[in-house]
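Q: Any chance you can model this:
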Amino acid sequence: MMDPMDIVGKSKEDASLPKATMTKIIKEMLPPDVRVARDAQDLLIECCVEFINLISSESNEVCGREEKRTIAPEHVLKALEVLGFGEYIEEVYAAYEQHKLETMQDLRSGKWSNGAEMTEEEALAEQQRMFAEARARMNGGTATPKQPEPDQSLES
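A: The predicted structure follows:
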């Protein structure tokens, strides 16, 4: 039997998420005095990959039932509902709308149009801003931006 990931030329082990980003998200969702064992971080990251695979697969099924060839945001939202994650649809949709708004603002302001790369510091600042917004949405607007520690560096 063929693993579904083999269809796109990748084994299941090749499907991954950026470890540094995921570790940062995990740490930011916890109180500052809580540490997470590396094994636990790896397990959480694997859970995220599996969740994405599950949602992607179901989104594809929803798309196919509608005889469409391109998965649209509505298919992803329907997949969440079908899989029993209906309680997250409102937050996911709000995050998607926010992302669309920010993308349009960035395009209008020319932020991404001149081909100039962001410096590492600019990228980190932008990432911190997005994390803070995500936390605020998740906590009903009560989160305060967490400042990066001075000795933190970007891992790969």
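Q: Check which element follows the helix or strand encompassing residue 57 along the chain.
A: Using DSSP states H and E, residue 57 sits in helix 38-65. Next helix or strand after helix 38-65 toward the C-terminus (DSSP H and E): helix 73-82.
Q: in that next one, what's buried?
A: 75, 76, 77, 78, 79, 80 (16 or more other C-beta atoms under 10 Å). (Glycine included, C-beta is placed from N, CA and C.)
Q: Pipe those residues into a markdown table and attach distance to residue 127 and pLDDT per row.
A: Converted to a markdown table, the buried residues of helix 73-82 look like this (distance: C-beta to C-beta, whole Å; pLDDT from 0 to 100):
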| residue | distance to residue 127 | pLDDT |
| --- | --- | --- |
| 75 | 28 | 96 |
| 76 | 23 | 96 |
| 77 | 26 | 96 |
| 78 | 30 | 96 |
| 79 | 27 | 97 |
| 80 | 25 | 97 |
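Q: so residue 81 sits right up against residue 89, yeah?
A: Yes - in terms of C-beta atoms under 8 Å, residue 81 counts as a neighbour of residue 89; the distance is 6.3 Å.
Q: Run through this structure and note the low-pLDDT ranges.
A: Scanning the chain with the threshold set as pLDDT under 70 gives 1-14, 111-118, 137-156.
Q: got the contact list for the nearest residue to residue 82 once chain neighbours are set aside?
A: Spatial nearest neighbour of residue 82, excluding adjacent residues (C-beta to C-beta, 6 or more residues apart in numbering): residue 58 at 5.8 Å. Residues in contact with residue 58 (C-beta atoms under 8 Å, 6 or more residues apart in numbering) are 79, 82, 83.
Q: Compute the distance between residue 68 and residue 78, please.
A: Computed with C-beta to C-beta, to the nearest Å, the distance linking residue 68 and residue 78 is 12 Å.
Q: and if you look at residue 65?
A: 9 Å.
Q: same question, residue 101
A: To residue 78, residue 101 is 23 Å away according to C-beta to C-beta.
Q: repeat for residue 18
A: From residue 18 to residue 78 the distance is 28 Å (C-beta to C-beta).
Q: Could you do residue 46 as well?
A: 25 Å.
Q: do the same with residue 57
A: Noted for residue 57: a distance of 13 Å to residue 78, by C-beta to C-beta.
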